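>>> build me a model from this:
(one chain, ligands or ions: 1)
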Amino acid sequence: MAKMSKKKIFKALGLVTKQKGANYGGEWFATSKQLLEVRSPTSGQLLATVEQAGARDYTRVMQQSQKAFVAWRARPAPKRGEIVRQVGEALREKKDALGALVSLEMGKILTEGLGEVQEMIDICDFAVGQSRFLSGPTLQSERPDHRMMEQWHPLGTVGVISAFNFPVAVWAWNTALAWICGDTALWKPSSKAPLCGVACQNIVNEVFKRNKLPMGISAVVIGRGSTIGEKLIGDKRIPLVSATGSTRMGKRIGEVVGARLGRTILELGGNNALIISDKADLTGALASSFFGAVGTAGQRCTSTRRLIIHEKVYDTFIKKLIANYKKVRIGDPLDPQTLMGPLIDEGAVKEYENAITAAKAQGGKVLYGAKVLTPPFGRRTFVLPTIIAIENSAEIVQHETFAPILYVMKYRQIEEAFRLHNDVPQGLSSGIYSDSVAEAEAFLSYLGSDCGIANVNIGTSGAEIGGAFGGEKETGGGRESGSDSWKAYMRRQTNTINWGGQVHLAQGVEFQS
Ligand code: NAD
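Numbering: from 1, shown residues only. Down below sits the predicted model:
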């Protein structure tokens, strides 16, 4: 695919350089007068300014979303699925432009930007089928001539808060399911990638308008977490908040939504490790480690942060890994030759530097990298991917640093590898490379990985939409995307029907005058 210019991307997605930050269909609007500058992480070029949504804008959007819910929930689920099918088609048409926008605004390389849009298309396809299968079981009643069953009903307006690193896919994971479940969705995108939010809303607006559906089924407010985000999470009219981001943000959201007994899906930070056994196919392990640690410049929640390597293969493996690191082509994410783009901003570079300093102070030895590059395109956001040999117990290893820093360590016995693996506060994604059935099965058993995602002969980074996605411990416990994640977007109801005419109380209770 030839490199797309900013102008072409903007035109294809209906973006303007002076953007307003609120929408529920129709015109974009905002009244806050607070401007957000959107700059390319690659060049620092000003891409657009967004006037952020203020309190009055939020009220307007929320009222419309509530109104739309009443109409949308009455539409049969398969007919809602038909709309989501059309959203998937619209995304197919805009895939090149939207994938390029993800690269331009967030900085991941083009193939990953396109992959992210593919993920949106995949979840739409998944949701279409699911729309005919929002089913509950029929249960056996203990009372004669009674029947029990379970039903699932729409929940209301679902709040979606997303992180900068998956600026479009996370929204789709949530909305495609929320919509087939009969909910409306109110999205607060990351302030670091707001244009992706505008583009997605423009794409679905067309679909809803063409189908003459009420405005508000999809709504967006762009603004800071501390202002508009706080309004959203404190809003009692929102029964479910699905939030993706740092553990710090998740703790705050869990506290506020929990205090009003609302529900959350929390998708927070990871600290993902890959165990490489002496019984592993080292070629596969190398490819997976390389992509896991360097892909997306280490800015995936599932990025490989730790390698736990058997001492027998450690030296050979590290040598090969360093050879791969030396060949990483770092540069413009929109150039098809590039393997690693920039970090999101200068703040992320500072975190990268701080983590390396801390690792060294805590006994770590830099094996490769640890360097901020002279700005090739004008912005100090490019770094060398870094490998550091260090103990798992070092304080810095216990934290997620959202940058391409890989900590490596040795083990002798598989039990020791499992212990090191689980000895961090987070629990998102994990993997083992081993051709030993016993080791692989143990890793997947109660003795092994304590993460929400555990893989064999696959790395930690990247997941398919068909499975439930999310993690344990400080990763927040939420699940979204595939499997039965749809249930979180609905309310469950147990029904008992007496068709026999005689009144029978449960548990044999007698109550007659
Ligand atoms: P972040 O926590 O800084 O921000 C995430 C979102 O939360 C943003 O939209 C932000 O505006 C909003 N926010 C912050 N404070 C808020 C508040 N008080 N009320 C409401 N909203 C608030 O995260 P980030 O830097 O954008 O993303 C990186 C982090 O996200 C990493 O920790 C990464 O692991 C995590 N992440 C997790 C997953 C997952 O599925 N587990 C996926 C992607 C990213």
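>>> residue contacts, the residue of the stretch 301-450 of the chain found nearest the ligand?
When scored by C-beta to the nearest ligand atom, the stretch 301-450 of the chain has Cys301 as its residue closest to the ligand, at 3.2 Å. Heads up, the C-betas are built off the backbone N, CA and C, glycines and all. Neighbouring residues of Cys301 by C-beta atoms under 8 Å, 6 or more residues apart in numbering: Ala163, Asn165, Phe166, Thr244, Glu267, Leu268, Gly269, Gly270, Leu428, Ser429, Thr475.
>>> make it 6 Å
Residues counted as contacts of Cys301 (C-beta atoms under 6 Å, 6 or more residues apart in numbering) are Gly270.
>>> also Thr227?
Counting by C-beta under 6 Å, 6+ apart, Thr227 makes contact with nothing.
>>> what do you get for the one 4 residues further on?
Contact criterion C-beta under 6 Å, 6+ apart gives Tyr58 as the residues in contact with Lys231.
>>> could you identify the helix or strand that succeeds the host helix or strand of Met149?
Using DSSP states H and E, Met149 sits within strand 146-154. Counting by DSSP H and E, the next helix or strand C-terminal to strand 146-154 is strand 157-161.
>>> neighbouring strands for that following strand, and are they parallel or not?
Using DSSP bridges, strand 157-161 pairs in its sheet with strand 184-188 (parallel), strand 240-244 (parallel).
>>> which among these is found nearest to Gln151?
Distance to Gln151, taken as C-beta to C-beta, is lowest for strand 240-244 among the strands paired with strand 157-161, at 17.9 Å.
>>> hmm, who's touching that closest one?
So strand 240-244 is contacted by 155, 158-163, 170, 174, 233, 253, 257, 263-267 (C-beta under 6 Å, 6+ apart).
>>> filter those residues by proximity to the ligand?
Near the ligand, judged by C-beta under 6 Å from any ligand atom, the entries from the contacts of strand 240-244 are Ile161, Ser162, Ala163, Ile233, Ile253, Glu267.
>>> what about burial for those residues, which qualify?
Buried subset of these (neighbour count, 16 or more other C-beta atoms under 10 Å): Ile161, Ser162, Ala163, Ile233, Ile253, Glu267.
>>> could you dump the strands paired with strand 157-161 to TSV with mean neighbour count?
Output for the strands paired with strand 157-161, formatted as TSV (neighbours: other C-beta atoms under 10 Å):
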stretch	mean neighbour count
strand 184-188	28
strand 240-244	27
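>>> now those in CSV, with distance to the ligand and mean pLDDT?
As requested, the strands paired with strand 157-161 are exported to CSV (distance: least, C-beta to the nearest ligand atom, whole Å; pLDDT from 0 to 100):
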stretch, distance to the ligand, mean pLDDT
strand 184-188, 6, 98
strand 240-244, 5, 98
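>>> which stretch among these comes nearest Val61?
Between Val61 and those, the shortest separation by C-beta to C-beta is 6.6 Å, and it involves strand 184-188.
>>> check which helix or strand the most centrally placed residue in the chain maps to.
Closest to where the C-alpha atoms of the chain average out (C-alpha atoms, centre = their mean) is Val170, at 4.5 Å. Taking DSSP H and E as the criterion, Val170 maps to helix 169-180.
>>> need the mean per-residue confidence for that helix.
On average, the pLDDT along helix 169-180 is 98.
>>> again with stretch 381-389
Mean predicted confidence for stretch 381-389 is 98.
>>> what of stretch 302-313?
Mean pLDDT, stretch 302-313: 98.
>>> measure stretch 217-234 end to end?
20 Å (C-alpha to C-alpha, to the nearest Å).
>>> what are the buried residues along stretch 47-58?
Neighbour-count burial for stretch 47-58 flags Leu47, Ala48, Val50, Glu51, Gln52, Ala53, Gly54, Asp57, Tyr58 (criterion: 16+ other C-beta under 10 Å).
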